[in-house]
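> Got a predicted structure here, sequence first:
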Amino acid sequence: MEVDEAASALLARIGSLRQHQIKGKRSPHKPLLVLLALGQMAATGSSEVPWSLAEQKLAELISEFGTPRRTGAAQGAAYPFTRLQADGIWVLDRDVPMDQVGPLRQHQVTGRLERSFEDLLRARPALLEEAARRLVTSQFPDTVAPDVLVAVGLDPALLHAWRDADHTGRGTAALRRRSQVWRTSVLQAWDRQCAFCGFDGQIGGATVGIDAAHVRWFAFDGPDSLDNGLALCTLHHKLFDLGAVGLTAELTIQVSTMFTARTSTGRQVYELHGRELTRRTGTAPPAHAHVTWHTTQVFKGKPLSV
Ligand SMILES: [Zn+2]
């Protein structure tokens, strides 16, 4: 995609949302609101997000993909809905006090992307996709980014278009190249089996369904080092990245009360709770600092038992 002056101004504003990261703390609330607005834009041609939609939908997005919750759901949505105005890409149809749910409900406030940006995005769908790609990959790992896009009504295929199109290596940390060497050494160190459940499937000698997972996310300066890697089956990788499963300081597995399942197969996840990591002699466990990052920034809710 050709990036002219107006487009690069828009992408810079979107990119600056990432700068709110302080010492690796996640703050996905504003990016989730922008993604929701981009999804509305793609679906309806207007980025308008009425508070009634934000209160329900944005709160759901924050609950599913956000950081461990410290406030009520509506309150969590009111924060980005009012504060995103200061970033120069978002406007509300009336003045309201910051962070307060009451006035947003009472006046049925509607927010939208700033008019000139909205016009630009309407005229250039490729730019909308580029903005969504940059935003989602700067905030979420590969396991979760496609789900975020689906949840806001955007096509997850746009992630692949980005990979195909980008040959320049410029841009944000999200463009840092994935190290294949790291992946191979993590799988080897963990004996090509899931550190949580021990799954070790192969097809014709090739490992299948097992990923090298970053404990501290790649997009949040998680290093490609052995003490930041776990071999996890694709299911447990996803649950780990969604914060449904985590690790305690003692490196036992903990399962969040937010995860529920109805069938005995689904409930096998509960049985991971309290287990030690499956690792062979000599394999270094994840470093304490990376585990702490995951526990404070990703793990959701409360563990099954304390
Ligand atoms: Zn597993």
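Received the coordinates, thanks.

> next structured bit after the helix or strand of the chain with the lowest mean pLDDT?
Taking mean pLDDT, DSSP states H and E as the measure, the helix or strand of the chain with the lowest value is helix 158-165, at a mean of 66. Proceeding N to C from helix 158-165, the next assigned helix or strand is helix 180-189, under DSSP states H and E.

> in that following helix, what counts as buried?
With burial defined by 16 or more other CB atoms under 10 Å, the residues of helix 180-189 counted as buried are 182-183, 185-187, 189. Every residue, glycine included, has its C-beta placed from N, CA and C.

> Around the ion, which positions in the stretch 51-200 of the chain sit nearby?
Where proximity means CB under 5 Å from the ion, the interface of the stretch 51-200 of the chain facing the ion comprises 194, 196-197, 199.

> Now secondary structure and neighbour count too, for these, in JSON lines please.
As requested, these are exported to JSON lines (DSSP: H, G, I helix; E, B strand; the rest coil; neighbours: other CB atoms under 10 Å):
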{"residue": "Cys194", "secondary structure": "coil", "neighbour count": "24"}
{"residue": "Phe196", "secondary structure": "coil", "neighbour count": "25"}
{"residue": "Cys197", "secondary structure": "coil", "neighbour count": "18"}
{"residue": "Phe199", "secondary structure": "coil", "neighbour count": "19"}
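
> Now pLDDT too, for those residues, in TSV please.
Conversion of these to TSV gives the following (pLDDT from 0 to 100):
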residue	pLDDT
Cys194	98
Phe196	98
Cys197	97
Phe199	97
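
> what's the most distant pair in these?
The most widely separated members of those, counting by CB to CB, are Phe196 and Phe199 (8.4 Å).

> who touches the closest residue in space to Pro303 that isn't next to it in sequence in this structure?
Distances taken as CB to CB, 6 or more residues apart in numbering place Gln254 nearest to Pro303, at 4.1 Å, with adjacent residues excluded. Residues in contact with Gln254 (CB atoms under 8 Å, 6 or more residues apart in numbering) are 245-248, 273-274, 299, 303-304.

> Looking at strand pairing, list the partners for Gln254.
Gly246 (DSSP bridges).

> distance of it from Ala287?
To Ala287, Gln254 is 18 Å away according to CB to CB, to the nearest Å.

> Please, where are all the helices along the stretch 1-150 of the chain?
Using DSSP state H, counting those that start in this stretch, the helices of the stretch 1-150 of the chain run over residues 5-16, 29-44, 51-53, 59-65, 73-83, 101-106, 115-123, 125-139, 145-151.
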